[in-house]
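>>> quick one, fold the following:
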Amino acid sequence: MAQSVVLARHGETEWSLSGRHTGTTDLPLTEKGRRQAKALAPELRSWAFSLVLTSPLQRALETCRLAGYGEQARVQSDLVEWNYGRYEGLTSKQIEAVHPNWSLWKDGGPGGEIAADVGRRADRVIAEVRRVSGDVLIFAHGHVLRVLASRWLGQPPEGGRHYALQTATLSVLGHEHADPVLQRWNLPPTSWTRPPARLDVDHV
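Residues are numbered from 1 along each chain as shown. Got it, this is the predicted structure:
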């Protein structure tokens, strides 16, 4: 059976709501974010996961716990969000006022990480995932998950710019024959409904 990897981005925080770049700042979920995290639980019950990984930051840990996987999950430090350096806590508009035409994907975070740094972390996570027999669930953050998806597809880390990802959404990485693919992407729980048809058979 081909392996699938379910990606869960954490629920809303005060900074995600206001559009501030939230890398290593360890913020909790908002009340709405906690409701979002709980809403992931029924959508994930149709899966049997051999491994659950989570970022060490509390917004991911809390999402993991509220979704029902706190006891099963293992903290993976490589899943921490992109380090934005001196742009931590700033909005894109604030950054553009001092650095016109700035792109995180092209320029990185000054004093923090560039795309290649995050790509190396994503590669280590993918290597760990591929050593597992069975499906995997990952709780993490917007930019690191976008890089992870790009690397899963064999694209450069910068390819993550093309995969927009909202808070409290579910995505699935998998395979079609021997090719790595995106099975689903950036879906809120209300539109998830059920796993792909293949998994209806494999996980009854």
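>>> please make it C-alpha for all contacts and neighbour counts, starting now.
Will do.
>>> who's in contact with Asp136?
Careful, residue 136 is Val and not Asp. Gln3, Ser4, Val5, Val6, Phe49, Ser50, Leu51, Val52, Leu53, Val129 (CA atoms under 8 Å, 6 or more residues apart in numbering).
>>> repeat the analysis, applying 6 Å as the threshold.
The neighbourhood of Val136, defined by CA atoms under 6 Å, 6 or more residues apart in numbering, consists of Val5, Phe49, Ser50, Leu51, Val52.
>>> weed out the non-buried ones from these.
If you count burial by 16 or more other CA atoms under 10 Å, the buried members of the contacts of Val136 come out as Val5, Phe49, Leu51, Val52.
>>> closest to Leu104 out of those?
Distance to Leu104, by CA to CA, is smallest for Val5 among those, at 25.6 Å.
>>> longest helix anywhere in this structure?
helix 115-130 (DSSP state H).
>>> residues of that one that come out buried?
Buried residues in helix 115-130, counted by 16+ other CA under 10 Å: Ala115, Val118, Gly119, Arg120, Arg121, Ala122, Asp123, Val125, Ile126, Val129.
>>> same check, this time on stretch 91-107
Of the residues in stretch 91-107, those buried under the neighbour-count criterion (16+ other CA under 10 Å) are Thr91, Ser92, Ile95, Leu104, Trp105.
>>> one step back: among the contacts of Val136, which lie within helices?
When the contacts of Val136 are checked against helices (DSSP H), there are no matches.
>>> from the residues you listed, which ones fall inside strands?
Of the positions in the contacts of Val136, Val5, Phe49, Ser50, Leu51, Val52 sit in strands, assigned by DSSP state E.
>>> just the pLDDT at the third one, thanks.
In this prediction, Ser50 carries a pLDDT score of 97.
>>> isn't it up against Ser133?
No: look at Ser50 against Ser133 with CA atoms under 6 Å: they stay out of range, at 7.0 Å.
>>> and for the two, which residues touch both?
Residues touching both Ser50 and Ser133 (CA under 6 Å, 6+ apart): none.
>>> can you put the ones in strands among the contacts of Val136 in CSV and add distance to Gly85?
CSV is the format used below for the ones in strands among the contacts of Val136 (distance: CA to CA, whole Å):
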residue, distance to Gly85
Val5, 29
Phe49, 34
Ser50, 35
Leu51, 31
Val52, 29
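>>> for the helix or strand harbouring Trp185, list the C-alpha coordinates in PDB.
Taking DSSP states H and E as the definition, Trp185 sits inside strand 179-187. Written as PDB, here are the backbone C-alpha positions of strand 179-187 (Å, rounded to 0.1, in the frame of the first residue of the first chain):
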ATOM      1  CA  ASP A 179       5.300   9.400  -8.500                       C
ATOM      2  CA  PRO A 180       4.900  11.600  -5.300                       C
ATOM      3  CA  VAL A 181       1.800  13.700  -5.600                       C
ATOM      4  CA  LEU A 182      -0.500  16.100  -3.700                       C
ATOM      5  CA  GLN A 183      -3.600  14.100  -3.100                       C
ATOM      6  CA  ARG A 184      -5.400  17.000  -1.300                       C
ATOM      7  CA  TRP A 185      -4.300  20.500  -0.300                       C
ATOM      8  CA  ASN A 186      -5.400  23.300   2.000                       C
ATOM      9  CA  LEU A 187      -8.900  21.900   2.900                       C
END
